[in-house]
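J.: build me a structure from this.
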Amino acid sequence: MKRNVVLFTLAFCVLAAPAAKAQSHLGLESIGASIGFVSPENLESTFGLGAFADWGTIAPSLGLESHLDYWSKSESAFGFESSIRDITLGARARYFFDAAGPAIRPFAGAGLGLHFFRTEVTIPVFFPGLPAMSTSDSQTKIGLDLGGGFATAIGPRTDLLGEAWYGIVSDVSQLSLRLGLSYKLAS
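T.: The predicted structure is shown next:
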């Protein structure tokens, strides 16, 4: 499955490169921050933070963005403590649909992300004289993001974004619902 996704992405880039070069407008257009709820697979929902950069368009309605997201979740039961965190660094392509008016610009998108997971577990003392035990693990996984949302201007250089993304990641797929503010760097 992962090999097919990589091959499809590579083929798409090779075939789309000549057309994209003729119509692209690449450069750092805006930066922003987001907050939201993340619902990881087999865990309760948690709070997430993010930062993103809009890199312009690679075709008339196809924009490119990079993002950095963070969430963590801790649980405790019967003296056992566990926590997991995810720091994601990724890139997404967003296709903006033609809308009747320029006020709200809906989009759909897809992208890839590197997920840096860290898990920790602490086991309490069960017998006197034995210490509590703790273990941790870190893993890096590739994920596929699918989603969409909308962007709307709330000022001359500020946009409000509402997004829903589903990250397909081995063992920890996640749904995230986010609100963000974007600040345009070019006038």
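J.: ranges for the strands of this structure?
T.: 25-40, 46-59, 62-77, 80-96, 104-123, 133-153, 158-168, 174-184 (DSSP state E).
J.: can you convert those strands into a markdown table and add a column each for mean neighbour count?
T.: Glycine gets a C-beta too; all of them are placed from N, C-alpha and C. Output for those, formatted as a markdown table (neighbours: other Cβ atoms under 10 Å):
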| stretch | mean neighbour count |
| --- | --- |
| strand 25-40 | 16 |
| strand 46-59 | 18 |
| strand 62-77 | 17 |
| strand 80-96 | 17 |
| strand 104-123 | 16 |
| strand 133-153 | 15 |
| strand 158-168 | 18 |
| strand 174-184 | 19 |
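J.: mean pLDDT for the ones you listed - can I get that in CSV?
T.: As requested, the strands of the chain are exported to CSV (pLDDT from 0 to 100):
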stretch, mean pLDDT
strand 25-40, 94
strand 46-59, 95
strand 62-77, 94
strand 80-96, 94
strand 104-123, 94
strand 133-153, 94
strand 158-168, 96
strand 174-184, 96
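J.: look up phi and psi at residue 102.
T.: For residue 102, the backbone dihedrals are phi -80, psi 0 (criterion: degrees, to the nearest 10).
J.: what does the pLDDT read for it?
T.: Note for residue 102: predicted pLDDT of 72.
J.: quick one: contacts for it?
T.: By Cβ atoms under 8 Å, 6 or more residues apart in numbering, the contact list for residue 102 is empty.
J.: number the residues from 57 up from this point.
T.: OK, 57 is where the count begins now, so the last one is residue 158.
J.: how close does it get to residue 207?
T.: The spacing between residue 158 and residue 207, counted by Cβ to Cβ, to the nearest Å, is 11 Å.
J.: repeat for residue 140
T.: The value you get for residue 140 to residue 207, if Cβ to Cβ is used, is 31 Å.
J.: also residue 94?
T.: Taking Cβ to Cβ, one finds residue 94 at 21 Å from residue 207.
J.: please apply the same query to residue 233.
T.: Residue 233 is 15 Å from residue 207, by Cβ to Cβ.
J.: kindly report the same for residue 239.
T.: From residue 239 to residue 207 the distance is 13 Å (Cβ to Cβ).
J.: what's the answer for residue 95, then?
T.: Per Cβ to Cβ, residue 95 is found 23 Å from residue 207.
J.: got it, and residue 145?
T.: As for residue 145, its distance to residue 207 is 22 Å (criterion: Cβ to Cβ).
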